[in-house]
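*Asks:* Quick one, structure for this:
(chains A, B, C and D)
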There are 2 protein chains.
Amino acid sequence: MIQNLPGSQNEAQFPALTPRQREVLRVLVQEYVASATPVASGTLQRIGDLGVSSATLRNELALLEELGYLDQPHTSAGRVPSVRGYRYFVEQLMEQRDLPAPERRMIMHQFHQIRLNLDQWMELTAAVLAQVSQVASLVTPPHANRAEFKHLELISTHETLCLMILVLQDGSVHQEMLSVTPELDQATLSAASNQLNALLAGLTADEMVARPKPELTTLSEWKRQVLERVVDLMRVAEQRAVNQIYRDGLVNIFGEPEFQDVARTMQVVEMIERQQLLQRILQGTLETNGVQIIIGGEGSYDELYDVSLVLSPYGIPNRASGVLGVLGPTRMHYGRAISAVRYVAQMLNSLVAEVYG
Amino acid sequence: MIQNLPGSQNEAQFPALTPRQREVLRVLVQEYVASATPVASGTLQRIGDLGVSSATLRNELALLEELGYLDQPHTSAGRVPSVRGYRYFVEQLMEQRDLPAPERRMIMHQFHQIRLNLDQWMELTAAVLAQVSQVASLVTPPHANRAEFKHLELISTHETLCLMILVLQDGSVHQEMLSVTPELDQATLSAASNQLNALLAGLTADEMVARPKPELTTLSEWKRQVLERVVDLMRVAEQRAVNQIYRDGLVNIFGEPEFQDVARTMQVVEMIERQQLLQRILQGTLETNGVQIIIGGEGSYDELYDVSLVLSPYGIPNRASGVLGVLGPTRMHYGRAISAVRYVAQMLNSLVAEVYG
DNA sequence: CGTTAGCACTCGACACACCAGAGTGCCAGA
DNA sequence: TCTGGCACTCTGGTGTGTCGAGTGCTAACG
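*Replies:* Alright, predicted model coming up:
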């Protein structure tokens, strides 16, 4: 289903192809990606520089189709790559290039111009990825899969309400209003947060509950409530590795010919709005390393039959890691997408390393 | 361009229509909204209960077209409302109903079930609006147009980096990393934030800069840097009344027949992604009161020729106010949209009043 | 004078046929 | 093993005819 790049270990799953067959497949995929129309034997002969006639190519094409690498929309049309064909292309035929230097410079430049603000990082990342890959982009903020307490702040706002701000070890900030009775002034609240900060420093939610320090068991009623909310928030933070997803460049893919059909467009919009599927996929990527490619759902995800994903985790595993990637039509420029994703992931790796040490 | 509701003061702009003409227009708009196909004189006679023949209706339709209330897609088709027709309908013909009680209860219930968490409020609001109005929804968080300092927190994260959390009077939380040299420990940072909290309480950015308290002028170098960032962040917060926009229900409108044409769909996606136009419009709504309706761009906004907006501000003007509303095709169920927007705005009004006093 | 029946006219939607062209599969021969 | 040739297939575009929905106009009517 999900394959690693490059040099996949399981080449065995593909029957051996002759060099010429490989070349035919390579040229065909490239041409189809560029032209978006089924590739005919004649076209292939013209552009492919294969030194054989179109008749020979027809034989090869028929064979490749039989092996499942190609599909034929109808009898008298050219061939298009099947999911399996794309897979083979991506794993064995594609030349992996780095992003061109000017683009690298441009990205670097943009990242060094902005403030150290997570929100802006994420937006910039999504924007850059969308621009360079020319498809739609997805980015999730860094996240630690063990939520450790760092800092709590209680700020009186109005009557019995106060704003609770919770900062975790991974730098994530969580906020929530809560109502404390009786009405307490800021000094009392500050004293309480100082007290809790001292008691909770570095703890996980489980530790707070399972073996609470003696001081925690003798807290006053309202402080106990605060503690309970802290535990809740931390649990939520732990569970949902991927909650927010930053996006950009949806227009890029809706311009492509395969999305002329509105039904497909809607499918993508719905998937992106509902998020659940996307969250599951991104969560999966978090636990791998290197660039991952999911082509046309590849059996596991019917909902994204028409689209492919190129994803990569970034950051420091378990401490502060997120996922970034792009989403485009199956007929997508994988080379460009992979280079872009890989480079931007590296970029964020070093940024995260700088910030989280 | 943008008109208030209800009982607009400028009825003069519409030439007088006979009661029957008004009724014809009313029925026609309703029918077109429901059926999405041009309405013929025969259909009108059948459903309209107007007591006249289709021939008479044809005469009336011709007249209404001449007056600019209707358009005719082609010679032998029925009539569709023009922008002007919708405007008249919305201002003078539509019966304004409250949301049905079950829906009101459902909304109320949902709002009382969630935590006091701004993010969740906004998401819920968007979801509810989309569900009830059956079109796409837009919501912006509450915002004060005078940013007053409330609380600052500096949290050491790693080496020379620290996380600055700034809370403003309107409850908004802003965060940013900053690098302070030399490396400072948490105690020093806490002392500094206490000091600044005392000095800056209740001030605006302008006040901090224009007539700084004497203590502010003698701050150490790194504290001065912190102060500078505070001022910056507050300026940004003041200027950008609408930065984040919560959305939901895009699929609702892409299902409509007018969006079978992908070009239109793309236009909407692009507008929503680029945000600038949307921000300008929502910002405008912030300065009005009551529900506002923008139909088919109405001259001012070419980009949204095919869509209408129903918007309302909510909250406490200048103190904590935002905008919510829906976006749908011009052929939209305005009655439902307006009821939904008005009710949800009321809902948020009371929530905001509860929290901000 | 407003209303209506009748009727001719217009135009889009749909079905159908037709053709050109692109592309294939297969076979026989090099 | 490759290739030229050829028959076959299928799509897409275009032209034609027909149907029906809907209009505008006119003349008649209460």
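*Asks:* buried sites along the one helix or strand A:Glu238 maps to?
*Replies:* Using DSSP states H and E, A:Glu238 falls within helix A:221-239. By neighbour count on 16 or more other CB atoms under 10 Å in any protein chain shown, the buried set for helix A:221-239 is A:Trp222, A:Lys223, A:Val226, A:Leu227, A:Arg229, A:Val230, A:Val231, A:Leu233, A:Met234, A:Ala237, A:Glu238. Placement of C-beta: from N, CA and C, glycine included.
*Asks:* Check stretch A:277-293 too.
*Replies:* Applying 16+ other CB under 10 Å to stretch A:277-293 flags A:Leu277, A:Leu278, A:Gln279, A:Ile281, A:Leu282, A:Gly284, A:Thr285, A:Leu286, A:Val291, A:Gln292, A:Ile293 as buried.
*Asks:* Could you pick out which of these are located in strands?
*Replies:* Under the assignment DSSP state E, these contribute A:Gln292, A:Ile293 to strands.
*Asks:* any idea of the mean pLDDT for whatever helix or strand comes next after the helix holding A:Glu238?
*Replies:* From helix A:221-239 onward toward the C-terminus, using DSSP H and E, the following helix or strand is strand A:246-248. For strand A:246-248, mean pLDDT rounds to 96.
*Asks:* quick one: strand A:246-248 to chain centroid distance?
*Replies:* On the basis of CA atoms, centre = their mean, to the nearest Å, strand A:246-248 sits 10 Å off its chain's mean C-alpha point.
*Asks:* In contact with A:Leu233, which residues?
*Replies:* By CB atoms under 8 Å, 6 or more residues apart in numbering or on different chains, A:Leu233 lies in contact with A:Leu166, A:His174, A:Glu176.
*Asks:* Tell me, how many residues neighbour A:Arg336?
*Replies:* A total of 21 residues lie near A:Arg336 under the criterion other CB atoms under 10 Å in any protein chain shown.
*Asks:* who touches it in this structure?
*Replies:* A:Val132, A:Ser133, A:Gln134.
*Asks:* pretty sure it is in a helix, no?
*Replies:* Yes - under DSSP: H, G, I helix; E, B strand; the rest coil, A:Arg336 sits within a helix.
*Asks:* Near DNA strand C, which residues of chain A? Just list them.
*Replies:* A:38, A:40-43, A:54-55, A:58, A:61-62, A:65, A:72, A:75-79 (CB under 7 Å from any atom of the strand).
*Asks:* now, which of the residues you listed lie within helices?
*Replies:* Members of those lying in helices (criterion: DSSP state H): A:Ser41, A:Gly42, A:Thr43, A:Ser54, A:Ala55, A:Arg58, A:Leu61, A:Ala62, A:Glu65.
*Asks:* what's in contact with stretch A:287-298?
*Replies:* A:1-5, A:83, A:86-87, A:90, A:281, A:285, A:301, A:303-313, A:317, A:325, A:330, A:334, A:338, A:341-342, A:345.
*Asks:* Distance from the chain centre to that stretch, please.
*Replies:* Counting by CA atoms, centre = their mean, stretch A:287-298 comes out at 10 Å from the chain centroid.
*Asks:* Likewise for stretch A:68-81?
*Replies:* With CA atoms, centre = their mean, you get 31 Å for stretch A:68-81.
*Asks:* ditto for stretch A:261-275
*Replies:* For stretch A:261-275, the distance to the chain centre is 17 Å (CA atoms, centre = their mean).
*Asks:* With stretch A:330-340 instead?
*Replies:* So, by CA atoms, centre = their mean, the centroid of stretch A:330-340 is 14 Å from its chain's centroid.
*Asks:* do the same with stretch A:125-144
*Replies:* 8 Å.
*Asks:* Output the ones in helices among the residues of chain A next to DNA strand C in TSV; the columns should cover neighbour count and distance to DNA strand D.
*Replies:* Listed next are these as TSV, based on neighbours: other CB atoms under 10 Å in any protein chain shown; distance: CB to the nearest atom of the strand, whole Å:
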residue	neighbour count	distance to DNA strand D
A:Ser41	22	9
A:Gly42	13	10
A:Thr43	19	15
A:Ser54	17	7
A:Ala55	9	4
A:Arg58	16	7
A:Leu61	24	12
A:Ala62	14	11
A:Glu65	15	15
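*Asks:* right, and out of the residues you listed, which lies closest to A:Pro100?
*Replies:* A:Thr43 (27.7 Å; CB to CB).
*Asks:* Show me which residues of chain A sit near DNA strand D.
*Replies:* Checking chain A against DNA strand D by CB under 7 Å from any atom of the strand, the hits are A:Arg20, A:Gly51, A:Val52, A:Ser53, A:Ala55, A:Thr56, A:Asn59, A:His74, A:Thr75, A:Ser76, A:Ala77.
*Asks:* which stretches of chain A form strands?
*Replies:* A:3-4, A:70-71, A:80-81, A:136-139, A:149-158, A:161-168, A:173-179, A:246-248, A:292-295, A:307-316, A:320-329.
*Asks:* how about CSV for those, with distance to B:Pro257 added?
*Replies:* Putting these into CSV (distance: least, CB to CB, whole Å) gives the following:
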stretch, distance to B:Pro257
strand A:3-4, 41
strand A:70-71, 32
strand A:80-81, 30
strand A:136-139, 25
strand A:149-158, 48
strand A:161-168, 46
strand A:173-179, 43
strand A:246-248, 27
strand A:292-295, 33
strand A:307-316, 25
strand A:320-329, 25
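*Asks:* who wins for proximity to B:Arg247 among the ones you listed?
*Replies:* Per CB to CB, nearest to B:Arg247 of those: strand A:246-248, 11.1 Å.
*Asks:* Just list what the closest one packs against, helices and strands only.
*Replies:* Packing partners of strand A:246-248 (3 or more CB pairs under 8 Å, 6 or more residues apart in numbering or on different chains; DSSP states H and E): helix A:118-133, strand A:136-139.
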